[in-house]
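J.: can you look at this prediction? I've put the sequence above it.
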Amino acid sequence: MPKKALESLTESMFYVLMALHFRNMCGTDIATYIEQHTRFRVVMGPATLYTNLAKFEKEKYIREIEVEGRKRTYTLTDLGRSAYEEELIRLRQCILDAESEVDRI
Amino acid sequence: MSNKMNPKGKRRIRFAPCPEYDVECMESWLEDMARQGLILDGEFFRVYFFRQSPPVEVRYRLEAAAKSISIFDDYGGNPSPELLQISREFGWEYVTSGRDFYIFTSTDAQTREMNTDVTVHAMTLDVVRKRERSNLLALAFNIFLQFVIFQRGVLSLASNVGSQVYFSMLFLLLWTAFNQLQKIKHLRELRSRLHEGETLSRKLNWQQKGKRNKLKTILYVAFVGYFFASWLWTWYLEASGAFRYNMIAYHEPLPIATLQDLSPSAEFVFDDFGVGNTIEVKQDWLAPQIISFHQTGSLRKDGDIVFKGGLVVDYFYTKSPWLAKQMADELLRKARLEAKSFEELPAPVLNVDSVSAFRAIFPTIILLKGSQVVKVVLYQSMEQNLWSLQEWAEVFANSLK
């Protein structure tokens, strides 16, 4: 049974929040940021990017702060920031668990 | 944009070989069309318009819309400006839209996919599935209402609006519900496959699905056409009064007694209070003969008034005794439910298969004989010498062949 949309973040969702965690950006800037910071391991398709932004806006994780023609700039809300930080803690814990398992063996 | 490839190319029309929600089939079909030199240009109610051009490798992607697409929505049936802008920056152009999906295209094989996260892609398809589920619930409620109506009197309603119209509508509702179920099932399967990490195929054999879908579409369109034609025709006949006659001028033999038959040797005089003396004669699938009339008048014999009042008759000659029995039960049930005051009366002894008697303002009888069922309401506006229920009911019962 698949989890509800935002019970946990997918990789692409996580990176969108990560991008906005450091500065306000528009959609394409977010995609570029993610590609650069993952060395093109994570590539964001336009539909995926748009769906993530729409979903986060609906869940009040991000909000629009500027509209310039068709270009919209977003910022992370406190709710989005804490969702990102919670996910970061969860991922760190995953790595710690995996590493301790390796050490044990 | 695909239609910019050869904007002067001849326009061609094609019907989609599969429903819009069958994303893989649609994308495979559109890409094959492009390989045959037909570039998608637009869509209108499941009819797709193409421009002829040299064969080309083009990718098409159907993107689920967050809300049902309509020309009355915020962007006139187009994707949001932001989606258009982001897509364009990544090499995808919007072409057209259906009911639930926007269609994007790209001629560059190097362009990244529209969807790069299968879970997010599954999420967007799930929005369509949930929307369809809500539509199905609304439709199920509608169908349920039909069954509530069924309890109250589907046969009389059907014969009133025309059985073919009523049952066509019911059939169309069921057909639509079945299609919605299929759509929900298909989208759920797609969602599961995406969650399992599968990517969608664009090499599907759409020709196979095409034949089946074509036949289904033709049948559906023909049936919708039949429904609207029969509904309009029935409405026209009803509105133009084609079934209605003036009782005074109507001389055709009737299968049921009228006021004159209460006392054949008396002189009958019509009283026109502006409400009665009309007769409706109709035919229907379920009841080849339906006669309804309202007669008002008086009977005079040797200078005395032997009857004064009115008569309301609903007569049905149905296709079978079983249908007549159902109709009789339904008429009684309907009277019981709808009458402000309903009082059951002792049934008179009559030469028919069954008889029900009650008072709903006026005394009423429902007679069943073979395939015939008749509801008779008689009201008398005399001070004295009133006809007893047994007396007048006998006249109507004996008139049934």
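T.: Cool, got the structure.
J.: low-confidence stretches in chain B?
T.: Across chain B, the ranges flagged by pLDDT under 70 are B:1-8, B:147, B:149-154, B:157-159, B:273-275.
J.: contact residues of it facing chain A?
T.: Contact residues (Cβ under 8 Å from any Cβ of the partner chain) of chain B with chain A: B:61, B:63, B:66, B:80-87, B:89-90, B:92, B:104, B:112-117, B:119-124, B:191, B:195. In short, each C-beta sits where N, CA and C put it, glycine included.
J.: in helices only, show me those residues.
T.: B:81-87, B:89, B:119-124, B:191, B:195 (DSSP state H).
J.: buried ones among those?
T.: Buried members of those, scored by 16 or more other Cβ atoms under 10 Å in any protein chain shown, are B:82-87, B:89, B:119-124, B:191, B:195.
J.: can you give me the helices in chain B?
T.: For chain B, the helices defined by DSSP H occupy B:23-35, B:81-89, B:118-161, B:163-195, B:206-239, B:321-338, B:389-399.
J.: show me which residues of stretch B:129-148 are buried.
T.: B:129, B:131-133, B:135-136.
J.: so what's the residue count around residue 104?
T.: This is for chain A. 6 (other Cβ atoms under 10 Å in any protein chain shown).
J.: not quite, go with chain B.
T.: 27.
J.: what's the answer for the one 4 residues further on, then?
T.: With neighbours defined by other Cβ under 10 Å, the count for residue B:108 comes to 11.
J.: wouldn't it be in contact with residue B:93 here?
T.: No. Taking Cβ atoms under 8 Å as the definition, residue B:108 is not a contact partner of residue B:93, at 10.5 Å.
J.: tell me where the longest helix sits in chain A.
T.: Per DSSP H, chain A has its longest helix at helix A:78-104.
J.: buried ones in it?
T.: Buried-residue list, helix A:78-104, by 16+ other Cβ under 10 Å: A:80-81, A:83-84, A:87.
J.: any idea which of those residues is the one closest to chain B?
T.: residue A:87 (14.3 Å; Cβ to the nearest Cβ).
J.: who's in contact with the closest residue to that closest one other than its chain neighbours?
T.: Residue nearest to residue A:87 in three dimensions, not counting chain neighbours: residue A:9, with 5.1 Å by Cβ to Cβ, 6 or more residues apart in numbering or on different chains. By Cβ atoms under 8 Å, 6 or more residues apart in numbering or on different chains, the residues touching residue A:9 are A:17, A:83, A:87.
J.: so how far is residue B:141 from the last one?
T.: With distances defined as Cβ to Cβ, to the nearest Å, the gap from residue A:87 to residue B:141 amounts to 41 Å.
J.: with the second one instead?
T.: Counting by Cβ to Cβ, the separation of residue A:83 from residue B:141 is 37 Å.
J.: likewise the first one?
T.: According to Cβ to Cβ, residue A:17 and residue B:141 sit 40 Å apart.
J.: what about the residue lying closest to residue B:205 once chain neighbours are set aside, distance to chain A?
T.: Spatial nearest neighbour of residue B:205, excluding adjacent residues (Cβ to Cβ, 6+ apart): residue B:28 at 7.9 Å. Distance, residue B:28 to chain A, using Cβ to the nearest Cβ, to the nearest Å: 18 Å.
J.: might one say that residue B:28 is in contact with residue B:201?
T.: Yes. Judged on Cβ under 8 Å, residue B:28 makes contact with residue B:201 at a distance of 7.3 Å.
J.: okay, domains of chain B per the record?
T.: B:2-106, B:118-239, B:244-399 (automatic domain parsing).
J.: of those domains, which stretch is the most buried?
T.: domain B:2-106 (a mean of 18; mean count of other Cβ atoms under 10 Å in any protein chain shown).
J.: good, wrapping up.
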